[in-house]
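K.L.:
what shape does this take:
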Amino acid sequence: DIFVRNAFGNYFDVLKQVSFHKLMATMLTYHESKSMSHNFEEDGVMIFPDENYAREIMQLFTIGLYKLNQDGTVVIDQNTGEPAETYDNDDIMNFSRAWTNFKNQEQRPNLEVYADF
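P.N.:
Residues are numbered from 1 along each chain as shown. Have a look, this model is predicted:
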């Protein structure tokens, strides 16, 4: 539904709607993900925040796995002979810190319903 509604929209709207959708948060496992400092304070254990959605955004929604030439062919790393990667695990770990503390919110009543006209 998100992609149907935004077929002629922009990238920001698609990413925002995917990011704030309850089912997507659950499926991509960033729902109620906690920061490392929160986990350490609560449990005394160094647990990293969930990295799944950070990886999905970079892999599927933005830059992809490998760098590309202007013609769409994969850039080959001169040192290794392998495709040049666009990001590494440090990037994922840093980006995942932004996707913490997403919780379900209580549904708010429509304020206009209660307005006294």
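
K.L.:
low pLDDT regions in the chain?
P.N.:
Applying pLDDT under 70 to the chain flags the ranges 29, 31-40, 102, 104-105, 107-117.

K.L.:
let's see that with 50 instead.
P.N.:
Scanning the chain for pLDDT under 50 picks out 115, 117.

K.L.:
how near is Tyr11 to Thr62?
P.N.:
9 Å (CB to CB, to the nearest Å). All C-beta atoms are positioned from the backbone trio N, CA, C, and that covers glycine.

K.L.:
and what of Lys103?
P.N.:
Applying CB to CB to Lys103 and Thr62 gives a distance of 25 Å.

K.L.:
so between the two, which is more surrounded?
P.N.:
Counted by other CB atoms under 10 Å, Lys103 and Thr62 do not tie: Thr62 has more neighbours, with 12 against 7.

K.L.:
so what's the residue count around Tyr66?
P.N.:
Using other CB under 10 Å, Tyr66 has 15 neighbouring residues.

K.L.:
ok, the residue lying closest to it once chain neighbours are set aside - contacts?
P.N.:
Closest residue to Tyr66 apart from its sequence neighbours, by CB to CB, 6 or more residues apart in numbering: Pro83 at 4.2 Å. By CB atoms under 8 Å, 6 or more residues apart in numbering, the contact list for Pro83 reads Leu65, Tyr66, Lys67, Val74, Val75, Ile76, Asp77.

K.L.:
where does Pro83 fall, phi/psi-wise?
P.N.:
phi -60, psi 140 (degrees, to the nearest 10).

K.L.:
could you give the bridge partners of it?
P.N.:
Taking DSSP bridges as the rule, Pro83 bridges to Ile76.

K.L.:
how close does it get to Asn89?
P.N.:
Computed as CB to CB, the Pro83 to Asn89 distance reads 17 Å.
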